[in-house]
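Participant: With the sequence up front, the predicted model follows.
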Amino acid sequence: MYQEIENVAHEYQDVEGIALSMPGAVDSDGGIIYGSSAIDYIHGPNIKEDLKQRLNKDVEFENDANCAALAEVWKGVACHENDCCFIVSGTGIGGAVIKDRHVHHGNALHGGEFGYMIMRYDQDEKKYYTWSDDGSTVAVTKRVAKELGVDYHTLDGKEVFDQADNNEVYKYVDEYYRTLAMGIYNLQYAYDPSMIIIGGAISSRSDLLDKVNEQLDIIFSQLTHAHVRPNIKVCQFGNDANLIGATYHYIQRH
């Protein structure tokens with residue numbers, strides 16, 4: 001990884017510094033990535049110091065979901081907001097909390113790890129289920145595959161969502177939107193942000209906001225004491241958000 005970054009840096013000798021978007025519990029100050037991620041080797045070494053010494057340039061890095069949120073705060077849908085939440089919905093649920101246009105990291109660098117929120121308790125199984133367990137797009141595909149008796153890898157998640165209204169077995173898509181709406185409602189009342197942004201692969205669906213708002217309508221019709229309706233937006237930058245946000249993080253620190 002260091003060698004690849006060096007290769008790019010040597011092509012652009014005149015840049016001021018290096019901005020990285022990384023998975024895991026990123027300690028932006030200390031330079032170490034804690035927690036766990038799909039890339040084992042990034043956990044342990046002081047990446048910031050190693051790269052500074054190799055490249056003789058300033059290096060800044062931040063968690064990837066936090067970067068995506070910062071991109072929207074800098075130049076995206078939240079450019080006029082001070083306090084917002086960013087939800088990343090994909091193979092799991094991630095996210096970020098923005099306070100006064102800066103990332104709130106939290107005591108254990110887990111600020112915004114909404115996927116750990118408990119969303120359901122199954123009385124029969126005596127088991128708790130988190131938002132990532134119940135509310136990811138992969139969770140939907142796995143449930144459909146189980147009902148069909150097939151390996152979930154053989155199913156196309158996009159097709160499952162596209163055909164949700166035409167196939168009874170794809171009913172779990174409704175549960176996905178219900179869980180997403182529940183999470184958004186909870187975040188609104190826990191943090192009271194002025195905007196909640198949805199990112200990840202699901203954000204490319206044109207019917208996303210309509211589906212979530214349908215579920216919120218049901219929630220608010222039953223919880224009549226609740227009057228603060230979440231201001232929900234879809235992210236603007238898609239797959240480019242991490243890099244844009246990493247740049248903004250660098251600018252904020254310099």
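Facilitator: Looks like it came in fine.

Participant: Bridged to the residue nearest the centre of the chain, which residues?
Facilitator: Nearest residue to the geometric centre of the chain (C-alpha atoms, centre = their mean): residue 88, 2.3 Å. Beta-bridge pairing of residue 88 under DSSP bridges involves residue 94, residue 199.

Participant: Figure out how far the strand or helix carrying residue 21 is from the centre of its chain.
Facilitator: Per DSSP states H and E, residue 21 falls inside strand 17-22. Distance of strand 17-22 from the chain centroid (C-alpha atoms, centre = their mean, to the nearest Å) equals 18 Å.

Participant: what's that strand packed up against?
Facilitator: Counting contacts by 3 or more C-beta pairs under 8 Å, 6 or more residues apart in numbering; DSSP states H and E, strand 17-22 packs against helix 2-11, helix 47-55, strand 58-63, helix 64-75, helix 241-253. Backbone N, C-alpha and C define where each C-beta goes, glycine included.

Participant: can you pull the contacts of the residue nearest to residue 57 when sequence neighbours are not counted?
Facilitator: Nearest in space to residue 57, with sequence neighbours left out and distances taken as C-beta to C-beta, 6 or more residues apart in numbering, is residue 17 at 5.0 Å. Residue 17 sits next to 57-60, 250, 254 when contact means C-beta atoms under 8 Å, 6 or more residues apart in numbering.

Participant: Then residue 232?
Facilitator: 184, 195-198, 209, 212-213.

Participant: Now intersect those with the helices, please.
Facilitator: 184, 209, 212-213 (DSSP state H).

Participant: Show the buried residues in those.
Facilitator: 184, 212 (16 or more other C-beta atoms under 10 Å).
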